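Trainee: return atomic coordinates for the entry below.
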Amino acid sequence: MAEYTRQKGYGVGKYVYEALSAWRVYHFHDTSDTARVKKTGKISDVDYLREDASNLAAFLYLMQRKDVKHYQRIVKTIQLVIPFFKDFVLNPTPANKDTILLKWKDNHSDMIFDADDFSDGSLRFICLATLLLQPEVPSLILLDEPELGLHPMAISMLAGLLKKASHRTQLIVSTQSTNLVDDLEPEHIIVVARDEQNGESTFQRLDEENLSYWINEYSLGEIWEKNIIEVPMKRINIICEGPTEEQFVKRMLYRHFFDSGIVVSASSLDGGFNYESLKHHIIQMLNSDKEAYVTTLVDLYGIKGHYPGYEANKKKEALVKVKAIEAEILTDILAAKKLHNKKFIPYLQLHEFEALLFSDPAVLEEWLSLDRELPAGCFANILEQFPSPEHINDNPLTAPSKRIIALAAYYGKIDDGVSVADEIGLATIVKNALISMIG
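Mentor: Numbers count the residues shown, from 1 in each chain. Below is the predicted model of the structure:
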């Protein structure tokens with residue numbers, strides 16, 4: 001319709017057609033032997049850089065003669081990523097002066113190389129540098145995963161080129177690269193997610209104010225890895241005692257809650273923290289993400305007497321003690337000054353993470369028997385001595401992890417522990433846990 005109205009000279013169609021025809025979608029993924037960028041092309045094909053860079057040689061050839069300043073800028077930028085690269089060798093093909101083939105030379109020999117002699121990542125970066133540094137850029141550039149195959153340093157350079165080009169044109173870039181995101185600012189990023197109820201795509205620009213706590217502690221890429229910049233309406237931020245609990249959240253709780261349209265993120269305080277430190281992080285997190293709930297994943301054994309309610313309840317039965325301390329922590333946090341978000345739910349486990357692995361001792365035994373044969377029923381025999389997995393005693397010498405290590409010294413808390421929990425499954429863990437973090 002836009003083309004028809006343009007031909008007829010109609011106003012709206014003409015302008016719509018002209019606008020849309022100036023947009024370009026670029027894919028530089030194909031660097032195989034049959035990629036068109038490596039083939040001979042027409043020397044006259046220079047109107048614009050093709051979407052697959054198939055006319056790269058002709059495009060650079062014209063620029064080398066008509067716009068030396070921009071050409072040299074492209075060459076110098078390529079040299080920052082490919083130090084041995086000296087320059088392109090751009091001449092019409094001897095057998096046919098109407099065609100041209102991309103060739104180049106390096107700093108260490110007088111040999112002339114073909115595009116085939118570039119690595120895939122190097123060739124893609126050359127295409128990207130040419131696109132973003134050319135004299136006249138398209139009015140809209142769409143790039144699909146430009147980081148593909150690039151060295152981390154090249155990705156950092158690419159981020160700089162994108163930001164610079166954004167002052168001259170509109171850029172829309174899809175990426176799966178945390179390295180690329182690390183070199184951008186929150187306002188540069190729009191998160192696209194799928195609405196689970198109606199299947200629609202939703203778009204949301206990052207709010208730097210809501211991410212202030214996380215940005216002070218982590219890079220944007222790390223925040224992305226922690227699932228904090230997802231779009232769904234409900235979010236839960238979990239402060240974990242250590243890296244094992246953090247991985248447990250990322251690998252198991254995330255999937256569980258995501259199916260219900262809730263994004264769960266985790267951060268670790270690496271164990272041994274005191275209450276004042278935990279309180280500080282809770283309040284910061286509540287205030288920095290006012291729409292999210294905040295909770296904790298801390299075991300009772302790890303906390304000390306300075307936790308609210310600990311001394312008054314330390315001699316009580318385990319379940320009563322946990323509930324009482326949780327209530328005191330909740331009261332203390334909600335009483336804090338300048339608290340702008342009161343969506344806080346304290347959670348304490350009775351004992352350490354490894355207690356959960358005794359929810360199915362047969363799975364624990366089978367997993368650890370892959371490396372070395374263990375006595376049959378060894379973990380089931382331990383569980384039989386207690387009312388539940390979470391009751392396995394917290395003596396420093398007989399805590400759940402110590403009991404596992406005594407039988408399997410090669411046990412790794414993250415590599416084995418979280419994998420075993422995944423094998424057991426949340427349904428079994430929740431069924432056998434006295435205090436449910438899910439319910």
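
Trainee: hey, let's count contacts and neighbours off CA atoms from now on
Mentor: Fine.

Trainee: for the residue nearest to residue 64 when sequence neighbours are not counted, identify the helix or strand it belongs to.
Mentor: Of all residues not flanking residue 64 in the chain, residue 71 sits nearest, at 5.5 Å (Cα to Cα, 6 or more residues apart in numbering). Using DSSP states H and E, residue 71 falls within helix 68-81.

Trainee: just checking, what packs against that helix?
Mentor: Contact here means 3 or more Cα pairs under 8 Å, 6 or more residues apart in numbering; DSSP states H and E; on that basis helix 68-81 packs against helix 56-66, strand 85-89, helix 120-133, helix 152-165.

Trainee: pull stretch 354-374 out as PDB, backbone CA atoms only.
Mentor: The C-alpha trace of stretch 354-374 is given here as PDB (Å, rounded to 0.1, in the frame of the first residue of the first chain):
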ATOM      1  CA  GLU A 354      22.500 -30.000  53.300                       C
ATOM      2  CA  ALA A 355      19.600 -31.000  55.600                       C
ATOM      3  CA  LEU A 356      17.300 -30.600  52.600                       C
ATOM      4  CA  LEU A 357      19.300 -33.300  50.800                       C
ATOM      5  CA  PHE A 358      18.100 -35.900  53.300                       C
ATOM      6  CA  SER A 359      14.600 -35.400  52.000                       C
ATOM      7  CA  ASP A 360      15.400 -38.300  49.700                       C
ATOM      8  CA  PRO A 361      18.500 -40.100  51.100                       C
ATOM      9  CA  ALA A 362      18.300 -42.700  48.200                       C
ATOM     10  CA  VAL A 363      18.900 -40.000  45.600                       C
ATOM     11  CA  LEU A 364      21.700 -38.500  47.700                       C
ATOM     12  CA  GLU A 365      23.400 -41.900  48.000                       C
ATOM     13  CA  GLU A 366      23.000 -42.700  44.300                       C
ATOM     14  CA  TRP A 367      24.500 -39.400  43.200                       C
ATOM     15  CA  LEU A 368      27.500 -39.600  45.400                       C
ATOM     16  CA  SER A 369      28.000 -43.300  44.600                       C
ATOM     17  CA  LEU A 370      28.900 -42.300  41.000                       C
ATOM     18  CA  ASP A 371      32.400 -41.400  42.200                       C
ATOM     19  CA  ARG A 372      32.900 -44.100  44.800                       C
ATOM     20  CA  GLU A 373      30.800 -46.900  46.300                       C
ATOM     21  CA  LEU A 374      29.100 -46.000  49.600                       C
END
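
Trainee: burial of the closest residue to residue 75 other than its chain neighbours, as a residue count?
Mentor: Excluding its sequence neighbours, the residue lying closest to residue 75 (Cα to Cα, 6+ apart) is residue 87, at 6.5 Å. Residues lying near residue 87 (other Cα atoms under 10 Å) number 17.

Trainee: from the centre of the chain, point out the most distant residue.
Mentor: residue 95 (50.2 Å; Cα atoms, centre = their mean).

Trainee: what score does that one have for pLDDT?
Mentor: Looking at residue 95, its pLDDT reads 90.

Trainee: chain center to the top helix by length along the chain: distance?
Mentor: Secondary structure assigned by DSSP state H gives helix 318-334 as the longest helix of the chain. Here the centre of mass of C-alpha atoms in helix 318-334, compared against the chain's by Cα atoms, centre = their mean, to the nearest Å, lies 34 Å away.

Trainee: which parts of it are buried?
Mentor: For helix 318-334, the neighbour count (16 or more other Cα atoms under 10 Å) marks 318, 321, 322, 323, 324, 325, 326, 327, 329, 330, 333, 334 as buried.

Trainee: which pair of these spans the longest distance?
Mentor: Spanning the widest gap among the buried residues of helix 318-334 are 318 and 334, at 24.5 Å by Cα to Cα.

Trainee: can you give me the neighbour number for the nearest residue to residue 267 once chain neighbours are set aside?
Mentor: Beyond its immediate neighbours in the sequence, the residue positioned closest to residue 267 (Cα to Cα, 6+ apart) is residue 239, lying 5.3 Å away. Residue 239 sits with 25 neighbouring residues when counted by other Cα under 10 Å.

Trainee: measure residue 383 to residue 297 for me?
Mentor: Note on residue 383: its distance to residue 297, by Cα to Cα, to the nearest Å, is 23 Å.

Trainee: also residue 357?
Mentor: 16 Å.

Trainee: who has more neighbours, those two?
Mentor: residue 357 (28 against 22).

Trainee: residues contacting the nearest residue to that one once chain neighbours are set aside?
Mentor: Leaving out its chain neighbours, the residue that sits closest to residue 357 by Cα to Cα, 6+ apart is residue 421, at 5.9 Å. Residue 421 sits next to 248, 356, 357, 429 when contact means Cα atoms under 8 Å, 6 or more residues apart in numbering.

Trainee: what do you get for residue 111?
Mentor: residue 105.
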